[in-house]
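> Predicted coordinates and the sequence they were generated for:
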Amino acid sequence: MSGTWFTSDTHFDHQLVGGLRGFDSPGEHDAAVVANWNAVVRPDDTVWHLGDVGMGRLSRFAEWIGMLHGEIHLITGNHDACAPIHRGAHKHQRQWLSTGFASIQAYARLRINGKSVLLSHFPYRGSGDHTAEERYTQYRFVDDGNWLLHGHTHSTERQQGRQVHVGLDAWGLKPVSVDTIAELIVSCGE
């Protein structure tokens, strides 16, 4: 039996993010991310990665992606060269798919616990950012009453209303299971 997981903001080969997470080098950070991921995700599981896979050129971190368990579907983030927010993103799609992603898209919609759930790298418009200024507003959904799973904020806060932050910073540097997400939806009573 396979499971479903959600995560974002792995930030492979990103010196700044690795340092903020307490690691001395990007390699140390990246090895810990892979170990934590593979400790919970089985090879036949499905993972929705909600963006910001790594920093810089894909060749700098493609090897780490190849070590990850699961069939990985990418919802692109602002650091991903294949994200449609970047001019020329289409030129990177094939290379990113060949690295091991099962699909690459800007957003998706799933059903969890009977609720329609949106998947996006970004939180709802007007929900903040990890900088003083809210960025990428033209690529953010407007809250229309649906649940939203997102990354981007690097917050340790897991939930804000119908938004669930699935980023590594909120879940002990591990992906979060669909069962945990379903429990949050039920406990919110919406």
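Now that the structure is in, tell me what you want to look at. Residues are numbered from 1 along each chain as shown.

> ok, and the closest non-adjacent residue to Thr76?
Excluding the flanking residues, the one nearest Thr76 by Cβ to Cβ, 6 or more residues apart in numbering is Ala83, at 3.5 Å. C-beta: built from backbone N, CA, C; applies to glycine.

> So which residues of the protein form helices?
15-20, 26-40, 62-66, 93-98, 178-188 (DSSP state H).

> can you tell which of the ones you listed is closest to Leu119?
helix 178-188 (10.7 Å; Cβ to Cβ).

> Quick one: mean pLDDT for the closest one?
What helix 178-188 shows for mean pLDDT is 92.

> swap in stretch 15-32?
97.

> That stretch: end-to-end distance?
Start and end residues of stretch 15-32 are separated by 14 Å (Cα to Cα, to the nearest Å).

> gap between that stretch and the chain center?
Mean-position distance between stretch 15-32 and its chain equals 17 Å (Cα atoms, centre = their mean, to the nearest Å).

> What residues sit buried inside it?
Of the residues in stretch 15-32, Val17, Gly18, Arg21, Phe23, Pro26, His29, Asp30, Ala32 count as buried by neighbour count, 16 or more other Cβ atoms under 10 Å.

> residues in contact with it?
Asp9, His11, Phe12, Asp13, His14, Met55, Phe61, Trp64, His154, Leu168, Asp169, Leu173 (Cβ atoms under 8 Å, 6 or more residues apart in numbering).

> Among these, which one lies nearest to Ala106?
Asp9 (16.5 Å).

> Assess the claim that the closest one and Leu168 are in contact.
Yes - judged on Cβ atoms under 8 Å, Asp9 makes contact with Leu168 at a distance of 5.5 Å.

> who has more neighbours, these two?
Asp9 (28 against 24; other Cβ atoms under 10 Å).

> Which residues are in contact with Leu74?
Here Leu74 is in contact with His49, Gly51, Val53, Asp80, Cys82, Trp96, Phe101, Ser103, Ile104, Gln105 (criterion: Cβ under 8 Å, 6+ apart).

> Bridged to it, which residues?
His49, Ile104 (DSSP bridges).

> what's the spacing between it and Gln105?
Computed with Cβ to Cβ, to the nearest Å, the distance linking Leu74 and Gln105 is 7 Å.

> got it, and Asn36?
Counting by Cβ to Cβ, the gap from Asn36 to Gln105 is 25 Å.

> Among the two, which residue is more densely surrounded?
Neighbours per residue, other Cβ under 10 Å: of Asn36 and Gln105, the larger number sits with Asn36, 17 against 14.

> hang on, the earlier thing: for Ser2, which of the helices of the chain is the nearest?
Between Ser2 and those, the tightest spacing by Cβ to Cβ is seen for helix 178-188, at 10.7 Å.

> Contact partners for Ser177?
Taking Cβ under 8 Å, 6+ apart, one finds Gly3, Thr4, Trp5, Phe6, Val40 in contact with Ser177.
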